[in-house]
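Enquirer: let me see the structure of the following:
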Amino acid sequence: MPERIKDWGLAPDLGQCRLCGSSAGQRYFWAEVYAGSGQALRRCGYCAGVYLAPGFTDAGLTRFYQGPYRRLFPAEVPWRDKARFFAWRGDRDIARQRLGLIEPALAAGARLFELGSGFGAFLGQAGRSRPDLALVASEPDSAHRGELLDGAPVRFVDNLPAVQPASVDAVVAFHVLEHLPDPLGFFQQAGEALREGGQLWVEVPDLMAAWNTRLFVHPAHLSYFCADALRRLAEASGLQVISCGQHPLAALEGTLWLHARRPERLAETPVRAAAQATVVAVDHWIERVGWGLRDRLKNFGKRRVLGLLGAGLVGELQRWRQYRARLRQERTP
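Expert: Predicted structure coming up:
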């Protein structure tokens, strides 16, 4: 069995929604079972946001990503052959497709900021396809953030607030928002960093996608969004939402894609309340997910395999399965 984490570094539980700050109608669903972090899945009765509570302290979150994260999610960690690691993951291919959606909106010489650039695949593709772009990014994993830059000139900063206000033309965040302790704060910071007319693209897992196990919920994902909640969160920061819904790329099925613009006047407002129908729909969707004997055995088996084979080999097997699934999808007419 892999080593159990004794101190998760959790913050005091204030009973408030991570998305909007409300304490009204917070509903408990179940304890997080992927890693046994001591957190629980909740739904906000005001904004219909779904989140894990309690959250991490700042120190606890830093410690989580420096250690336990790599043991819990071995498919994300390079092992032995880096060329094979990235080929099976398909980082460059996905980055090219994402850039294809965004590039038409980028004027010559535009300044683009990426939050959580990971291995740098998107920045690398942007630098290759559009050498005129000025690329800025924030990625705390300094040991790996240059793996796929492919020579693209990128200026790394500590975080989004480190960017001068009204100085960038585009902000992108791919599968980052769900990791952040303060999703609304991110939208507010993005609005401050963007010039008038500047645009924002955000990609997050869709809460309403076809997941059927409690293992979908884990401590690395602090928040879970339906399209309506994601839209209202962006609008509360003063941004004009152009579109918000299912991702246009087939390879990212089960993902939400939000596109927004900074208007002439950036006016922040409280997050609007969700319609009761939205709250009910979210509840029904989560309630359908059981946790029977088969789920328990699967989770136990996963832990046993991880303990027996080690994180490196398990991650390699997971990447191989993902690679095979992607090939099948590409061959499907």
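
Enquirer: Ala173: how many residues sit nearby?
Expert: 25 (other CB atoms under 10 Å). C-beta: built from backbone N, CA, C; applies to glycine.

Enquirer: and after the strand ranked longest in the chain, which helix or strand comes next?
Expert: Criterion DSSP state E: the longest strand present in the chain is strand 194-205. For strand 194-205, the following helix or strand on the C-terminal side (DSSP states H and E) is strand 223-224.

Enquirer: any idea what the residue nearest to Asn159 when sequence neighbours are not counted is bridged to?
Expert: The shortest distance from Asn159 to any residue other than its chain neighbours is 5.2 Å, reached at Ser138 (CB to CB, 6 or more residues apart in numbering). Bridge pairing for Ser138 (DSSP bridges) gives the partners Leu115.

Enquirer: what strand or helix carries Gly238?
Expert: Secondary structure (DSSP H and E) places Gly238 outside all helices and strands.

Enquirer: need the contact list for it.
Expert: Gly238 makes contact with Gln188, Gly191, Arg262, Pro263, Arg265, Leu266, Ala267, Glu268, Thr269 under the criterion CB atoms under 8 Å, 6 or more residues apart in numbering.

Enquirer: so what's the spatially closest residue to it that is not a sequence neighbour up against?
Expert: Distances taken as CB to CB, 6+ apart place Leu266 nearest to Gly238, at 4.1 Å, with adjacent residues excluded. Counting by CB under 8 Å, 6+ apart, Leu266 touches Gly191, Glu192, Ser237, Gly238, Leu239.

Enquirer: okay, and the beta partners of Val50?
Expert: Arg43, Tyr224.

Enquirer: what's the distance between it and Leu215?
Expert: Separation of Val50 from Leu215 (CB to CB, to the nearest Å) stands at 16 Å.

Enquirer: quick check: phi and psi on Arg27?
Expert: Main-chain dihedrals, Arg27, degrees, to the nearest 10: phi -110, psi 130.

Enquirer: dump the residue contacts of the residue nearest to it when sequence neighbours are not counted.
Expert: Nearest residue to Arg27 in three dimensions, chain neighbours excluded: Arg43, at 4.6 Å (CB to CB, 6+ apart). Going by CB under 8 Å, 6+ apart, Arg43 touches Gln26, Arg27, Phe29, Gly49, Val50, Val279, Val282, Asp283, Ile286.

Enquirer: looking at those, state which has the most neighbours.
Expert: Gly49 (28 neighbours).

Enquirer: that residue against Ala24, yeah?
Expert: No - assessed by CB atoms under 8 Å, Gly49 is found out of contact with Ala24, at 11.9 Å.

Enquirer: quick check, nearest of the contacts of Gly238 to Val33?
Expert: Gln188 (32.9 Å; CB to CB).

Enquirer: wait, a strand at the closest one?
Expert: No - Gln188 is assigned helix when assessed by DSSP: H, G, I helix; E, B strand; the rest coil, not a strand.
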